[in-house]
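[1] The sequence and its predicted three-dimensional model are supplied below.
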Amino acid sequence: MPVKTKKTTKAKTAKKLKKPAAKATAKKAKKAKMLAAKKTAKKAVAKKSPAKKTVKKQKQGKTKPAKKSVRKAANKRVAKTPAEKTAWKISPEISQSVVEIDTWKKDTLRIEHLKVYRSGWIIVNQLPDLSGYNPDEGINIFEEFEFDEHQLHDASQVTSLFPNELPLEECERLMALSEAELVDEGWTIESATRFNGPLLVEQV
């Protein structure tokens, strides 16, 4: 009988020991589950946060629709075409009223070469005041007008005027010289183009 008592005591002792160990294991399993659940929740929050930020950014960047008056004004600005530049064409009314004058000077001497053109014109961006224009005197277009375009058509004749004090032989010699050779001999040149007679002004 003493042997049986010992066995029973050992069995009981084993049962007693097994219960706390089982409880401890169960607690550990619960803690592990809770930690795993927390980690999963944190990961889910971390994944969701960029989406929330994106939504916020989209909300912040979203603009209100423009008012009708603003849209109409914008449409008018777009639809409005830039105004075209206005220019005027000035030319003599009478044929052969355009004269190109080259004046050569040396000391007191003066030689003029006149070339007459059948017609010519200039294009100006601003309408000039021609109230003081004298048709008999004409006008030097390079002095009186600011223009980018001009044309002279059909030179009809050339006339040279020499001073009376120059002998005929010297006049002929000078006529045979080139512009560069005249400059080498001390002559200087001034050029002018004149419109004479009544002028025609046309908008182009």
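    In hand now; what should we look at? Residues are numbered from 1 along each chain as shown.

[2] Now do the same contact list for residue 145.
    Residues near residue 145 by C-beta atoms under 8 Å, 6 or more residues apart in numbering: 90, 122, 124, 128. Backbone N, C-alpha and C define where each C-beta goes, glycine included.

[3] just checking, what packs against the helix or strand harbouring the second one?
    Under the assignment given by DSSP states H and E, the secondary-structure element containing residue 122 is strand 109-124. Applying 3 or more C-beta pairs under 8 Å, 6 or more residues apart in numbering; DSSP states H and E, we find strand 109-124 packed against strand 88-92, strand 98-106, strand 149-161.

[4] what ranges do the helices span in this structure?
    2-61, 68-79, 141-144, 168-176, 179-184 (DSSP state H).

[5] Would you single out the least confident of the helices and strands packed on strand 109-124?
    Among these, strand 149-161 has the lowest mean pLDDT, at a mean of 91.

[6] what angle do it and strand 98-106 make?
    Angle of strand 149-161 versus strand 98-106, following axes from the mean of the first three to the mean of the last three C-alpha atoms, to 10 degrees, is 50 degrees.

[7] Can you work out which other helices and strands pack against strand 149-161?
    Here strand 149-161 touches strand 98-106, strand 109-124, going by 3+ C-beta pairs under 8 Å, 6+ apart.

[8] Max pairwise distance over the contacts of residue 145: which two?
    Greatest spatial distance in the contacts of residue 145: 122 and 128, 10.0 Å, computed using C-beta to C-beta.

[9] any chance of the helices and strands packed on strand 149-161 in a markdown table, plus distance to residue 162 and mean neighbour count?
    A markdown table is the format used below for the helices and strands packed on strand 149-161 (distance: least, C-beta to C-beta, whole Å; neighbours: other C-beta atoms under 10 Å):
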| stretch | distance to residue 162 | mean neighbour count |
| --- | --- | --- |
| strand 98-106 | 10 | 17 |
| strand 109-124 | 6 | 17 |
